[in-house]
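*Asks:* Structural data only, the sequence is not supplied:
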């Protein structure tokens, strides 16, 4: 048996959370710790209905509520995904140039 390293529990957690969505907060906590971050977020976006959901770890729940109620409608990245009817897993730079996103 080889060294499993720190990423194996994270990968196992992702597979477990794919089956049981209640496990995402634990996985996000592991991801935040792995990358040395105080928070982690996972969003599910439906381009067809323009609705989504965000799960967060390490953030005041009021922030996610404010984001969903106000900031998401101003998100230029999201608008571009909807406009171009993009779907799948992709990096923000595949959708909009980095400089354009920063200027927004």
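*Replies:* Structure received. None of these values were measured; they are calculated from a predicted model.
*Asks:* So, low pLDDT: which residues of this structure?
*Replies:* In the prediction, the chain carries residues with pLDDT under 70 at positions 1-6, 47, 50, 87.
*Asks:* measure the spatially most central residue of it to residue 97 for me?
*Replies:* Among the residues of the chain, the one closest to the centroid is residue 42, at 2.7 Å (CA atoms, centre = their mean). Applying CB to CB, to the nearest Å, one obtains 24 Å for the distance of residue 42 from residue 97. Any C-beta I mention is one placed from the backbone N, CA and C, and that applies to glycine too.
*Asks:* Is the residue nearest to the centre of the chain located within a strand, as I assumed?
*Replies:* Yes: under DSSP: H, G, I helix; E, B strand; the rest coil, residue 42 falls within a strand.
*Asks:* How about the contacts made by the nearest residue to it once chain neighbours are set aside?
*Replies:* Ranked by CB to CB, 6 or more residues apart in numbering and with sequence neighbours excluded, the top spatial neighbour of residue 42 is residue 55, at 4.9 Å. Listed by CB atoms under 8 Å, 6 or more residues apart in numbering, the contact partners of residue 55 are 24-25, 28, 41-43.
*Asks:* Quick check: the farthest pair among these?
*Replies:* Checked with CB to CB, those reach their widest spread between 25 and 43, with 14.0 Å between them.
*Asks:* So residue 48: helix, strand or coil?
*Replies:* Assigned with three-state DSSP, residue 48 falls in the coil class.
*Asks:* Go ahead and confirm residue 52 touches residue 46.
*Replies:* Yes: proximity of residue 52 to residue 46 meets the contact threshold set by CB atoms under 8 Å, at 6.2 Å.
*Asks:* tell me the contacts of residue 69?
*Replies:* Contacts were defined as CB under 8 Å, 6+ apart; by that measure residue 69 touches no other residue.
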